[in-house]
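Chemist: give me a 3D structure for the following:
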Amino acid sequence: MISLKKPLAEFYSLDKCFSPHGTHFEMPENTQLSFPDRKPDDVTLILCQGEMTIGRKYNDILIGIAQAPFIDGLSAGMIERPTEYIYTTQSLCTGYYLSSQRVMTLLDEHQLWREAFSWLTWWHRLAETRDNQLIGSSSYDQIRSTLLTMSDWDENLRSRVGVMHYIQRRTGISRSVIAEVLSALRKGNYIEMYKGKLLKVNRLPFDY
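Modeler: Below you'll find the model as predicted:
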């Protein structure tokens, strides 16, 4: 069974190979990352420090929050990406990016395909888990799964991300429905919130 634990050893091997060839950046909180010298479908992004949101440009749906260390677009040199993504920092972020075609060359030169496959397998499992939580699920099930996802974050990240905003962007559910469910969960002492931020999930009922 494939673990959902982030493959850190593989990340550091890839980072050591890619870093000398990348365009490095350091960006403050709430800044949108751009790639002025690259086409959107020809970018591999490596996040070394911080957190950033990844959203689809065409419909503003939030894919999730990436926490360093993280690589996105690792396979873009093999097949064109179907959509453009927007990356927005949630804290001070450092990292770099490089051409996806250059990544393919480096993987060949340094025989790092096993490490790349390991990272992509982990990323695929995360995406699969997200799809299982959201596709074909009721509004309550989507809200419930998102709250459970947020409860796994560290306390520092939870203190900076508004529950309502995050659920709305991740699921597309109306704010009024989300507010109604959150209110009921708080009254039942299923969750604890403060100033719109999630403090704790005590337990969540399967049905609403």
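
Chemist: which stretches of this protein have low pLDDT?
Modeler: Applying pLDDT under 70 to the chain flags the ranges 1-3, 40, 82.

Chemist: thought Met150 was touching Arg170?
Modeler: No. In this structure, Met150 is not within contact of Arg170 by C-beta atoms under 8 Å, at 9.6 Å. Every residue, glycine included, has its C-beta placed from N, CA and C.

Chemist: from Thr171, how far off is Gly162?
Modeler: Gly162 sits 14 Å away from Thr171, going by C-beta to C-beta, to the nearest Å.

Chemist: quick one, helices of the chain?
Modeler: 8-18, 100-110, 113-134, 139-151, 155-158, 163-171, 175-187 (DSSP state H).

Chemist: circling back to that earlier point, neighbour count: Gly162 and Thr171, which is higher?
Modeler: Thr171 (21 against 14; other C-beta atoms under 10 Å).

Chemist: wait, which of the helices of the chain is closest to Thr83?
Modeler: helix 113-134 (13.2 Å; C-beta to C-beta).

Chemist: do you know how far the closest residue to Leu185 other than its chain neighbours is from Tyr140?
Modeler: Excluding the flanking residues, the one nearest Leu185 by C-beta to C-beta, 6 or more residues apart in numbering is Ile191, at 4.7 Å. Per C-beta to C-beta, Ile191 is found 13 Å from Tyr140.

Chemist: out of the two, which sits in the busier spot?
Modeler: Ile191 (21 against 18).

Chemist: dig out what the more buried one forms beta bridges with.
Modeler: On the basis of DSSP bridges, Ile191 is bridged to Val201.

Chemist: list the contacts for it?
Modeler: Leu147, Leu182, Leu185, Leu198, Leu199, Lys200, Val201, Asn202, Leu204 (C-beta atoms under 8 Å, 6 or more residues apart in numbering).

Chemist: over to Ile143?
Modeler: With C-beta under 8 Å, 6+ apart, Ile143 has these contacts: Ile167, Thr171, Ile173, Ile178, Val181, Leu182.

Chemist: please report how far it lies from Ile191.
Modeler: Applying C-beta to C-beta to Ile143 and Ile191 gives a distance of 10 Å.

Chemist: returning to that earlier point: would you turn the contacts of Ile143 into CSV with distance to Gln49?
Modeler: What follows is the contacts of Ile143, written out as CSV (distance: C-beta to C-beta, whole Å):
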residue, distance to Gln49
Ile167, 26
Thr171, 29
Ile173, 32
Ile178, 31
Val181, 34
Leu182, 32
